[in-house]
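S.K.: Pasted the sequence and its predicted model underneath.
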Amino acid sequence: MPFKKLELIDPIVKALSAEGYTTPTPIQAQSIPLILEKRDLLGCAQTGTGKTAAFAIPILQLLYDEKVQERGHKQIKVLILTPTRELAIQIDESFAAYGKFTGLTHTVIFGGVSQMNQTNILRRGVDILVATPGRLLDLISQGFIDLKYLKIFVLDEADRMLDMGFVLDVKRIITKLPVKRQTLFFSATMPPEIQKLADVLLTNPAKVEVTPVSSTVDAIEQSLFYVDKKDKLKLLLHLLQDDAIVTALVFSRTKHAADKMVKFLHQHHITAAAIHGNKSQNARQHALSSFKAGKIRVLVATDIAARGIDIDDLSHVFNFDLPEVPETYVHRIGRTGRSGNTGIAISFCDSEEREALRDIQKIIAKSLPVVNEHPFPASLTHAAPTTAAPARNMAKRTSNAGNYGRNRNFRSWQSKKNKK
């Protein structure tokens with residue numbers, strides 16, 4: 001079903017065409033008509049399913065139809081609350097792309113940078129505000145933001161708000177919203193506390209669920225390498241020697257480890273950069289834009305950036321360290337396999353991470369296939385029997401990511417082994 005059949009207005013159809021979008025994803029096809037009916041919505045969808053467009057497109061149409069771009073001072077009619085700076089910027093860019101012919105105004109606010117430019121824009125007035133919780137509460141307390149004219153409230157990545165400790169801030173923000181409003185609530189998972197929050201926020205909501213809770217994207221080929229902690233960097237370097245891995249997003253548990261990893265990769269002539277909470281916003285944006293542009297091959301990130309990275313052609317995700325929260329695994333690997341592409345998710349597991357691995361496999365309801373043939377196997381005392389994955393599947397190409405050249409599929413391991 002093309003976007004045109006969703007009864008979208010010409011300015012939005014024109015913008016979507018300019019972006020090369022013709023057919024909505026399942027969550028877009030289901031959500032857009034419900035939001036245009038001004039219903040509250042509970043959306044349970046994984047990252048990479050087109051969720052941002054699912055709410056941005058109908059919101060732009062509702063505001064355009066109500067002619068909120070009238071002369072005079074603009075008031076905030078829509079608030080999108082999201083947990084990270086990267087995701088906030090990404091959402092604001094989506095509103096810019098889809099709403100370029102509507103005349104509607106928007107801006108994004110987040111912490112970690114000077115508020116001056118943000119408050120100058122707010123003084124001029126905007127229709128749509130994208131915000132992270134801390135900076136929003138700060139500017140509300142300073143009197144720069146008034147939400148009494150709000151018509152639509154979007155809570156995006158609600159479960160991530162919980163993971164990052166923002167739930168109390170979200171509850172404080174809710175008390176400042178008009179009682180009469182349309183609320184759109186999106187979460188990749190629905191733990192009990194998030195379900196309770198949804199019950200408070202939503203009134204007779206329509207529910208859209210495009211994939212099972214906590215499931216992983218089918219297009220992502222997952223695998224596991226057992227390796228001692230001291231050998232993880234050497235194993236990562238070994239895998240990156242395969243030219244089939246054109247781009248790689250590597251997740252590290254700590255900021256220090258992320259910086260150490262980048263330094264190690266540079267020493268071995270692999271272009272890399274890190275993004276984490278200790279980096280300035282400008283540094284994070286520069287690293288992300290360089291990665292998207294192909295100027296660097298490896299981006300190392302902590303989980304604070306797990307949902308703010310949207311790259312259609314990302315071929316590989318590495319879990320250098322397994323996450324302590326099992327749901328986070330789903331969000332991490334969801335950075336690949338986007339927009340109909342396939343992708344590869346490779347996880348390392350040392351002896352201290354076995355419990356985390358069990359929790360992950362429980363929540364995704366399957367065991368991760370193990371690659372046993374690699375140069376840095378875990379010590380025998382740490383090894384655990386599990387289903388083995390053939391090494392030949394590991395570097396499978398992404399379907400729409402272009403011609404990446406000959407795929408060696410890590411067969412070099414076996415050939416080297418046979419020569420010994």
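M.R.: Nice, thanks for sending it over.
S.K.: burial count for residue 228?
M.R.: Per other C-beta atoms under 10 Å, the neighbour tally for residue 228 reads 16. (Each C-beta comes from the backbone N, C-alpha and C, glycine too.)
S.K.: Can you tell me the closest non-neighbouring residue to it?
M.R.: Nearest non-adjacent residue to residue 228, counting by C-beta to C-beta, 6 or more residues apart in numbering: residue 378, 5.4 Å away.
S.K.: Could you look up the SS state of that neighbour?
M.R.: Three-state assignment for residue 378 (DSSP: H, G, I helix; E, B strand; the rest coil): coil.
S.K.: show me the contacts for it.
M.R.: By C-beta atoms under 8 Å, 6 or more residues apart in numbering, the residues touching residue 378 are 226-228, 349-351.
S.K.: Tell me the spacing between it and residue 30.
M.R.: 44 Å (C-beta to C-beta, to the nearest Å).
S.K.: Could you pick out the buried ones from the contacts of residue 378?
M.R.: Among these, the ones that count as buried by 16 or more other C-beta atoms under 10 Å are 226-228, 349-350.
S.K.: In strands, which of these fall?
M.R.: If you go by DSSP state E, the buried ones among the contacts of residue 378 have 226, 349 in strands.
S.K.: what two of the buried ones among the contacts of residue 378 are the furthest from one another?
M.R.: Spatial extent of these (C-beta to C-beta) is set by the pair 228 and 349 at 10.2 Å.
S.K.: quick revisit: closest one of the contacts of residue 378 to residue 277?
M.R.: Using C-beta to C-beta, residue 350 comes nearest to residue 277 of the contacts of residue 378, at 24.0 Å.
S.K.: quick one on the thing from earlier: and which of the buried ones among the contacts of residue 378 is nearest to residue 266?
M.R.: Among the buried ones among the contacts of residue 378, residue 227 lies closest to residue 266 (C-beta to C-beta), at 21.7 Å.
S.K.: wait, that closest one sits on residue 379?
M.R.: No. Residue 227 is beyond contact range of residue 379, at 9.7 Å (criterion: C-beta atoms under 8 Å).
S.K.: circling back to that earlier point, kindly present the buried ones among the contacts of residue 378 as CSV, with separate columns for pLDDT and distance to residue 80.
M.R.: Below are these laid out as CSV (pLDDT from 0 to 100; distance: C-beta to C-beta, whole Å):
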residue, pLDDT, distance to residue 80
226, 96, 42
227, 96, 40
228, 96, 44
349, 97, 37
350, 95, 39
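S.K.: Got the confidence number for the residue nearest to residue 228?
M.R.: Reading off the confidence values, residue 378 has pLDDT 91.
S.K.: Now do residue 199: how many residues are near it, please.
M.R.: Residue 199, neighbours per other C-beta under 10 Å, totals 11.
S.K.: and the nearest residue to residue 282 once chain neighbours are set aside, how many neighbours?
M.R.: Leaving aside its chain neighbours, residue 282 sits nearest to residue 113 (7.8 Å; criterion: C-beta to C-beta, 6+ apart). Per other C-beta under 10 Å, the neighbour tally for residue 113 reads 14.
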